[in-house]
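S.K.: Please find the sequence and the predicted model below.
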Amino acid sequence: MKEYLLLLRGGIPMTSKTEAEQKSELQAWGAYMGGLQQKGLLVGGLPLVHGGKTVSAKKTTSEPVASSTEGIVGGYLIIKADSLDAAAGIAKSCPHVDNEGNIEVREMAPMPAM
């Protein structure tokens, strides 16, 4: 199995939801993450705090880089899957998709030997 990075972008902010909607979403996330963990497919992942810095050789800015059409990365998951298609299938069942978000799925390359 290979490892894949799921970058969660966009979506409806939790703070704009009712208490009942927040509770429902948290339950959906618990079921999703628990299911991945039970199947041995979850390596890790966390939500990200809004804001941050972007660092380049010439400057540091106070906001993360974001595409206006895709949104800022709000969290990430690292999962195991047999193929990119299988990883995309796992991403399709993520609660973030039902929350008007999108997920970029990328295979993680092994580090070359030094």
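M.R.: Structure received.

S.K.: Please make it C-alpha for all contacts and neighbour counts, starting now.
M.R.: Fine.

S.K.: low-confidence ranges in this protein?
M.R.: 63-70 (pLDDT under 70).

S.K.: what do you get if the cut-off is 80, keeping everything else the same?
M.R.: 50-51, 54, 61-72 (pLDDT under 80).

S.K.: now the strands for it?
M.R.: All strands of the chain, identified by DSSP state E, fall at 2-10, 42-47, 54-55, 60-61, 73-81, 101-107.

S.K.: May I see those strands organised as CSV, with distance to residue 92 and mean neighbour count added?
M.R.: Shown next, in CSV, are the strands of the chain (distance: least, Cα to Cα, whole Å; neighbours: other Cα atoms under 10 Å):
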stretch, distance to residue 92, mean neighbour count
strand 2-10, 11, 21
strand 42-47, 15, 14
strand 54-55, 29, 12
strand 60-61, 33, 11
strand 73-81, 13, 20
strand 101-107, 8, 19
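
S.K.: Include distance to residue 32 when you put these into JSON lines, please.
M.R.: Output for the strands of the chain, formatted as JSON lines (distance: least, Cα to Cα, whole Å):
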{"stretch": "strand 2-10", "distance to residue 32": "14"}
{"stretch": "strand 42-47", "distance to residue 32": "10"}
{"stretch": "strand 54-55", "distance to residue 32": "31"}
{"stretch": "strand 60-61", "distance to residue 32": "35"}
{"stretch": "strand 73-81", "distance to residue 32": "12"}
{"stretch": "strand 101-107", "distance to residue 32": "15"}
